[in-house]
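Peer 1: quick one, what's the 3D model for this:
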Amino acid sequence: MIDIKIVSQNNNSTVVEEYKETTKKSITYQSEIELENEFIKLLQTQAYEYVRIRNNTDLVKNLRTQIEKLNNFKFNDEEWTSFFKTNIANENESIKEKTRKLQDGDGQLLLIRKDGSFKNIKIIDKSNIHNNSLQVINQYEISGIHKNKYDVTVLVNGIPMIHIELKRRGIALKEAFNQINRYQRDSFWSDSGLFEFIQIFVISNGTLTKYYSNTTRFQHIKNTIKQVKTSNSFEFTSWWADAKNKRIDDLIDFTKTFFSKRTILNILTKYCVFTSDDLLLVMRPYQIVATERILNKIEMSNNYKYYGTTKAGGYIWHTTGSGKTLTSFKAARLISKTEYIDKVLFIVDRQDLDYQTMNEYDKFEKGAANATKDTKELEKKLSSAKTEDKIAITTIQKLNCFIDKFKNHIAFNKKIVLVFDECHRSQFGEFHRNIVKYFKNYYIFGFTGTPIFTINSNTSNSVNLKTTQQAFGDRLHSYTIIDAIKDGNVLPFRVEYINTMKVNQSIEDMKIWDIEREEALLAGKRIEEVTNYILKHFDQKTKRNEFYKLKEKRVSGFNALFCVSSIRAAKKYYLEFLKKQKDKNNTEKLKVATIFSFCANESEDISTVDEDMDTIKLDKTSRDFLDSAMKDYNKMFTTNFSTDGEGFRNYYKDISKRMKKRELDLLIVVNMFLTGFDATTLNTLWVDKNLKLHGLLQAYSRTNRILNSVKTFGNIVCFRDLEKNSNDSIALFGDKDASGIVILKSYSDYYNGYDNNGKHVLGYKELIDKLKKQKVSSLSSFSDEKEEQEFIRLYSGILKIKNILTSFDDYIGNEILTERQFQDYQSIYLELYDKYRKIEKADAENISSDIVFEIELIKQVEINIYYILHLVEKYHANNCKDKEVLTRINLAISSSPSLRSKKELIEEFVKRMNVESDIRWEGYIKSKKIEELKQIIKDEKLKEKETIEYINECFRDGEVIENGPKIREIMPPASPFTKNTIIKKMNVLQKINYFFTKFFDISPSKID
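Peer 2: Down below sits the predicted model:
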């Protein structure tokens, strides 16, 4: 019998304050089963009950027992069957519906009894988490498309809610992620579908351990099917850490903290957010710590009656891009449930952020908060006693107007929690003083990625209101850019300095910057040279030759911001771009726009400048110019914006949307969009402005949001010497040695290799030399699987480093291999990928699990169908006799992941061109699409009309619909619960997915 003891922890904290290893790690070899047994034994010491459950019958029997125990209620057999089939194992429900049952509401489901009465049945107790029982099972066997045996699963009240996939030490962690991918495809849906209740996945190879949500995995599968890459992938798995941001990687240490009963149940019941987009977000440790620090501060301040002073508050320093909005949302939701708190007011300092925050909050939970359109509506919200009005979002300007108009309002005497977003900006003036003067019982909190310290404070501010700490109280938690980059939550920067003028531009005393020097920086010749440089290198920096899917739309590369020193500079650059692109056709032109508003001092640090959304204060020349630029924009996008009334605000919102959708290539700004704006598609910032300290890091951080494995860093190209400013900023907001983490290494390091902590890291040139020595020309070049896997690892490494090098100017002309040689190697690499996928499908439990293919990096640079058709036309124009063109066609198809599925179509089309001179691609593809769909209908005995309607919906929505009534309607009549029916459905889906992949990109039209 194993003694049960709870690992010591702070009773009020989900995340341990500081974790110190308590046991010495063994250095002997450990097999996967030994790792699994050690893990389970440790869980048993932490109040988990080990139960031997290996099949669905035992799992359902145990579930009934645990639900009855939780509810202190006994089902009769008829009640249990009804409850189970309706609420738990409903075949019409997928992962999303099951997740909603656990995450929304209080975790209760309705039992309808035989006499027509109702009873609420808890499946999870959210109000008293220790009422929930934790069990652990292992080696659960299940049959779907293939037989699978799951490593370890944690049951909460008998329901599988956490699954742990283990690999032995030394195996790539990503392979555990891929293993769960296979389970979802092969068997999670099988039997009673109970494994679709899993909320959190944990993957570990013993040495490294990460966690992620069910919809991260679910979206990854969808994206794989559609050949789409979004933010829901391995890049978005999370590390666990203590409150000091020290990562807890080892499985044993992870288990003692993450799997402590309070922690895991708090995460499941309090620190998950199921969004209106049906995505489950599991909060990261630093977000949980910040939320709990705020809640604890409020409780302590209430007990000691500190409210009405900064002692009742504090600030959270979490770097830009780390998810502050999610943290503030969760904090606001939990605060709003506190009985003695009357209101939670979330305050932004710009009207555009009011709109943006409302959208974000609405995604987290529809209707959870209300934005205020004007002061009148704010007054109404503050007067309301309705639950839905307990959280309100407003701007600091509206709140100040409210104070001026309603000086005797009842809200001033209520206990109100004020949460300020971007609290490094405008909360240091008269606005702030008014708020803390009139609200008598406030609790004040601020979120910032770049706090104001004495060194970067504005000398014009009040002596008592210079720093973030003076305005908001003590720092409650910090998570710096160093922490975020180490954890992989934001990207590092690559900074280039392009010398355009030999002057010292980093002088600290800005007063010596005289008019003549600024005139020199705005000289026509220099403006032209900078514009030429941007146009010449734009495709390279933003990776315009690489393609990916963004919300079902195929886009090329990323987009960019260009920040300039003044409105005058913005005018000059905008006109120069128009002039340079005048003679280009529409397909070659960059879509360029500009936006600016009045600012009293344009040279002042951007992050402390108020952005006025009103254009009235602009001088006539500037406003006329802005109107002219907006007319160009209107013509480009068929819109109707102007500087009058709400026109400018709507212009701002439209630009924001188009930047995020990658519809706008380059946006020229002075101060706007350099703080608080998030667009994952943005990867480059061109700089002709003297940025410093918090303003510099805020601007740079527009580029470092994670999108996919191709976007590996944020590009910063400076046309002023900002190297000292960059280092000073990173030192202030990271640490003195931070530049090596935050800023990427040099071109020479990546190309030639470098030493890191006594270990040599191979460069591109060295990797290519190793590749050449392998003398690989075809699959027959390999004598065994060991050689194949060595090639896979080597070429994967080359793909990763090549992806970084392509943004360096020096790489052009130094690729070593020709384009054709790359295609040859890529074809072999993809053949091996197909081979190992087939092995994996045939024997899911016995595959080589220490190799990871970098297919996404190939997808981004692949040749598209239009290039192939161009070659086909060339072949046809030469009377189908140029065999070199045929070779190029075959090579291009073989080296492209998406075109390989279309190989038969293209080859048949080329053959038919030899005998049918009038054949056209569009007609050929349409007829093949109908022909192949009818064959599937015939082979699988599907209902023809319903199947055609279903397929048209799939092509319309951009994805194969795998659950719900539509897929059932196309199937031939059969009993819905038999194993044969489920396998039949999966086989049909497999064929439909292949059909969809084959035709979606090239024939999206409706089938009549």
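
Peer 1: these two touch, right, residue 539 and residue 557?
Peer 2: Yes. Residue 539 is within contact range of residue 557, at 7.2 Å (criterion: C-beta atoms under 8 Å). Every residue, glycine included, has its C-beta placed from N, CA and C.

Peer 1: so which of these two has more stuff around it?
Peer 2: residue 557 (24 against 14; other C-beta atoms under 10 Å).

Peer 1: please report the distance of that one from residue 542.
Peer 2: 5 Å (C-beta to C-beta, to the nearest Å).

Peer 1: now residue 835
Peer 2: Separation of residue 835 from residue 542 (C-beta to C-beta) stands at 35 Å.

Peer 1: quick check, residue 972 in a strand?
Peer 2: No. Residue 972 is assigned coil when assessed by DSSP: H, G, I helix; E, B strand; the rest coil, not a strand.

Peer 1: got the confidence number for it?
Peer 2: Predicted confidence (pLDDT) for residue 972: 84.

Peer 1: tell me how far it lies from residue 980.
Peer 2: Separation of residue 972 from residue 980 (C-beta to C-beta): 12 Å.

Peer 1: can you give me the strands for the stretch 551-700 of the chain?
Peer 2: Ranges of strands in the stretch 551-700 of the chain, per DSSP state E, counting those that start in this stretch, are 553-556, 559-564, 592-595, 666-669, 682-688.

Peer 1: partner strands of the second one, parallel or antiparallel?
Peer 2: The reference is to strand 559-564. The strands beside strand 559-564 in its sheet (DSSP bridges) come out as strand 666-669 (parallel), strand 682-688 (parallel).

Peer 1: quickly compare these and say which is most buried.
Peer 2: Compared across the strands paired with strand 559-564, strand 682-688 shows the largest average neighbour count, a mean of 26 (mean count of other C-beta atoms under 10 Å).

Peer 1: rounded mean pLDDT for it, please.
Peer 2: In this model, strand 682-688 has an average pLDDT of 95.

Peer 1: so how far is it from its chain's centroid?
Peer 2: 21 Å (C-alpha atoms, centre = their mean, to the nearest Å).

Peer 1: keeping just the C-alphas, turn that strand into PDB.
Peer 2: Written as PDB, here are the backbone C-alpha positions of strand 682-688 (Å, rounded to 0.1, in the frame of the first residue of the first chain):
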ATOM      1  CA  LEU A 682       3.200  41.600 -39.400                       C
ATOM      2  CA  ASN A 683       6.800  40.600 -39.400                       C
ATOM      3  CA  THR A 684       8.800  43.700 -40.400                       C
ATOM      4  CA  LEU A 685       9.200  47.200 -38.900                       C
ATOM      5  CA  TRP A 686      11.100  49.800 -41.000                       C
ATOM      6  CA  VAL A 687      12.300  52.600 -38.700                       C
ATOM      7  CA  ASP A 688      13.200  56.200 -39.600                       C
END
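
Peer 1: show me what that strand is in contact with.
Peer 2: 521, 530, 534, 541-543, 558-565, 569, 573, 659, 699-700, 702-703, 705, 711, 713-720, 722 (C-beta atoms under 8 Å, 6 or more residues apart in numbering).

Peer 1: which residues touch the closest residue to residue 630 other than its chain neighbours?
Peer 2: With C-beta to C-beta, 6 or more residues apart in numbering as the criterion, residue 630 has its nearest non-adjacent residue at 5.1 Å, and that residue is residue 641. Counting by C-beta under 8 Å, 6+ apart, residue 641 makes contact with 630, 633, 634, 647, 648, 650, 651, 654.

Peer 1: how close does residue 641 sit to residue 655?
Peer 2: Using C-beta to C-beta, we find residue 641 at a distance of 9 Å from residue 655.

Peer 1: shared neighbours of those two, anything?
Peer 2: Residues touching both residue 641 and residue 655 (C-beta under 8 Å, 6+ apart): residue 633.

Peer 1: circling back: can you list the strands of the stretch 551-700 of the chain in CSV and add distance to residue 823?
Peer 2: Below are the strands of the stretch 551-700 of the chain laid out as CSV (distance: least, C-beta to C-beta, whole Å):
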stretch, distance to residue 823
strand 553-556, 19
strand 559-564, 28
strand 592-595, 34
strand 666-669, 31
strand 682-688, 26
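
Peer 1: among those strands, which is nearest residue 801?
Peer 2: Ranking the strands of the stretch 551-700 of the chain by proximity to residue 801 (C-beta to C-beta) places strand 682-688 first, at 17.7 Å.

Peer 1: that older thread, from the contacts of residue 641, which ones fall inside helices?
Peer 2: Per DSSP state H, helices hold the following members of the contacts of residue 641: 630, 633, 634, 647, 648, 650, 651, 654.

Peer 1: could you dump the contacts of residue 641 into a markdown table and include distance to residue 614, neighbour count and pLDDT?
Peer 2: Output for the contacts of residue 641, formatted as a markdown table (distance: C-beta to C-beta, whole Å; neighbours: other C-beta atoms under 10 Å; pLDDT from 0 to 100):
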| residue | distance to residue 614 | neighbour count | pLDDT |
| --- | --- | --- | --- |
| 630 | 15 | 21 | 96 |
| 633 | 19 | 21 | 97 |
| 634 | 20 | 15 | 96 |
| 647 | 11 | 15 | 89 |
| 648 | 7 | 24 | 91 |
| 650 | 13 | 14 | 90 |
| 651 | 12 | 24 | 94 |
| 654 | 17 | 18 | 94 |
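
Peer 1: now, the most widely separated pair of the residues you listed?
Peer 2: Across the contacts of residue 641, no pair lies farther apart than 634 and 648, at 13.0 Å, counting by C-beta to C-beta.

Peer 1: can you give me the helices in the stretch 251-400 of the chain?
Peer 2: Ranges of helices in the stretch 251-400 of the chain, per DSSP state H, counting those that start in this stretch, are 251-258, 261-269, 285-303, 324-336, 351-364, 375-383, 396-405.

Peer 1: helices or strands up against the second one?
Peer 2: Where contact means 3 or more C-beta pairs under 8 Å, 6 or more residues apart in numbering; DSSP states H and E, helix 261-269 is packed against strand 134-143, strand 147-156, strand 159-166, helix 251-258.

Peer 1: got these as TSV, with mean pLDDT columns?
Peer 2: Listed next are those as TSV, based on pLDDT from 0 to 100:
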stretch	mean pLDDT
strand 134-143	91
strand 147-156	91
strand 159-166	95
helix 251-258	95
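
Peer 1: in a markdown table, list these along with mean neighbour count.
Peer 2: Output for the helices and strands packed on helix 261-269, formatted as a markdown table (neighbours: other C-beta atoms under 10 Å):
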| stretch | mean neighbour count |
| --- | --- |
| strand 134-143 | 19 |
| strand 147-156 | 21 |
| strand 159-166 | 23 |
| helix 251-258 | 22 |
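
Peer 1: out of the ones you listed, which gets nearest to residue 78?
Peer 2: Among the helices and strands packed on helix 261-269, strand 159-166 comes nearest to residue 78, with 21.5 Å by C-beta to C-beta.

Peer 1: outside of that closest one, which residues touch it?
Peer 2: With C-beta under 8 Å, 6+ apart as the criterion, strand 159-166 contacts 32, 35-36, 39, 59, 63, 66, 88, 102, 123-124, 150-156, 176-177, 179-180, 194-195, 197-206, 251, 264, 268.
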